[in-house]
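Output the structure for:
(2 chains)
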Amino acid sequence: KNEVEQSPQNLTAQEGEFITINCSYSVGISALHWLQQHPGGGIVSLFMLSSGKKKHGRLIATINIQEKHSSLHITASHPRDSAVYICAADNNNDMRFGAGTRLTVKP
Amino acid sequence: KAGVTQTPRYLIKTRGQQVTLSCSPISGHRSVSWYQQTPGQGLQFLFEYFSETQRNKGNFPGRFSGRQFSNSRSEMNVSTLELGDSALYLCASSLGPGEMGTEAFFGQGTRLTVV
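Model (predicted):
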């Protein structure tokens, strides 16, 4: 079993839909990261969470430390949100990554 | 504020050769981590450097090595290249290790192709 499991692997949505991507981890963490990777490879750090919930624009990330689970939500999805979303369990900069969720938002 | 800079962006090498990749962190960041991304294995942690010292190391053979300079710039080296080393190599910089973690900023990556 992988240390970081993401679901779903692939997700196709219509523009405007509410998106949820889930991440479960089995390792101890100092923080949980959500990353976005566009075609071409560049990675952008979306959130770093150690507890509770964070919001940035249309993106919301939550974490439940007891259940070792985090979710990334995208409200009013847009085609430009199409990317691979990766969660990473961070134990003092030793990161373990999920396999990623490939999101395609159709206009 | 300049972001994390990786050079070169693209590289083609022959089996058996060695390669050196460079990463310049965001100014003021002292921690640099390296990752390998392949279609089969996804993103995997290679190593992390802080204040010129390797703090953490992933599960990679000794052909993969790195170092960090006093200005926090880091290099990673892969010797005796194999076809399976073809990958996107990413580095990320952060202020430094801490109990609660620090936000990491990623470079654009170096795409290495071994032929």
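
Quick check: the residue of chain A nearest chain B.
residue A:31 (3.1 Å; C-beta to the nearest C-beta). C-beta here means a position set from N, CA and C on the backbone, and glycine is covered the same way.

State the distance from that residue to residue B:17.
Here the criterion is C-beta to C-beta, to the nearest Å. By it, residue A:31 lies 37 Å from residue B:17.

More neighbours: which of those two?
residue A:31 (24 against 11; other C-beta atoms under 10 Å in any protein chain shown).

in the longest strand along chain A, what's buried?
Longest strand of chain A, by residue count under DSSP state E: strand A:83-91. Residues A:83-90 are the ones in strand A:83-91 that count as buried (16 or more other C-beta atoms under 10 Å in any protein chain shown).

re the thing from before, please name the bridge partners of the residue of chain A closest to chain B.
Judged by DSSP bridges, the bridge partners of residue A:31 are residue A:90.

So for it, what's the pLDDT?
pLDDT recorded at residue A:31 is 88.

Over to residue B:12?
Reported pLDDT for residue B:12: 97.

Test my guess that it contacts residue B:113.
Yes - under the criterion of C-beta atoms under 8 Å, residue B:12 makes contact with residue B:113 at 4.8 Å.

you'd agree residue B:113 is up against residue B:15?
No - between residue B:113 and residue B:15 there is no contact under C-beta under 8 Å: 11.2 Å.

Spatially central residue in chain B, please.
By C-alpha atoms, centre = their mean, chain B has its centre lying nearest to residue B:34, at 2.9 Å.

Can you name the helix or strand that that one falls in?
strand B:31-38 (DSSP states H and E).

and that strand with chain A, contact?
Yes - contact of strand B:31-38 with chain A (C-beta under 8 Å from any C-beta of the partner chain) involves B:31, B:33, B:35, B:37.

Parallel or antiparallel, which strands does the helix or strand that comes right after that strand pair with?
Remark: after strand B:31-38, the chain's next helix or strand is strand B:42-50, criterion DSSP H and E. Its sheet considered, strand B:42-50 pairs with strand B:31-38 (antiparallel), strand B:53-57 (antiparallel) by DSSP bridges.

contact partners of strand B:42-50?
A:86, A:88, A:93-100, B:30-38, B:54-60, B:64, B:66-68, B:74, B:76, B:89-90, B:96-97 (C-beta atoms under 8 Å, 6 or more residues apart in numbering or on different chains).

Flag the shaky bits of chain A, pLDDT-wise.
Along chain A, segments meeting pLDDT under 70 span A:1, A:40-41, A:93.

Alongside chain B, which residues does it contribute?
Residues of chain A lying near chain B (C-beta under 8 Å from any C-beta): A:29-31, A:33, A:35, A:40-45, A:48, A:50, A:86, A:88, A:90, A:92-100.

From the contacts of strand B:42-50, list the buried ones, please.
Buried, going by 16+ other C-beta under 10 Å: A:86, A:88, A:93-100, B:30-37, B:55-56, B:58, B:60, B:64, B:66, B:68, B:74, B:76, B:89-90, B:97, out of those.

who touches stretch A:17-29?
By C-beta under 8 Å, 6+ apart, stretch A:17-29 touches A:1, A:3-8, A:11, A:13, A:32, A:34, A:50, A:68-77, A:81, A:85, A:87, A:89-91, A:96, A:98, A:101, A:103, A:105, B:101.

For PyMOL, what selects the buried ones among those?
Command for PyMOL that selects the buried part of the contacts of stretch A:17-29, burial taken from 16+ other C-beta under 10 Å:
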select buried, (chain A and resi 4+6+11+13+32+34+68+70+71+72+73+74+77+81+85+87+89+90+96+98+101+103+105) or (chain B and resi 101)
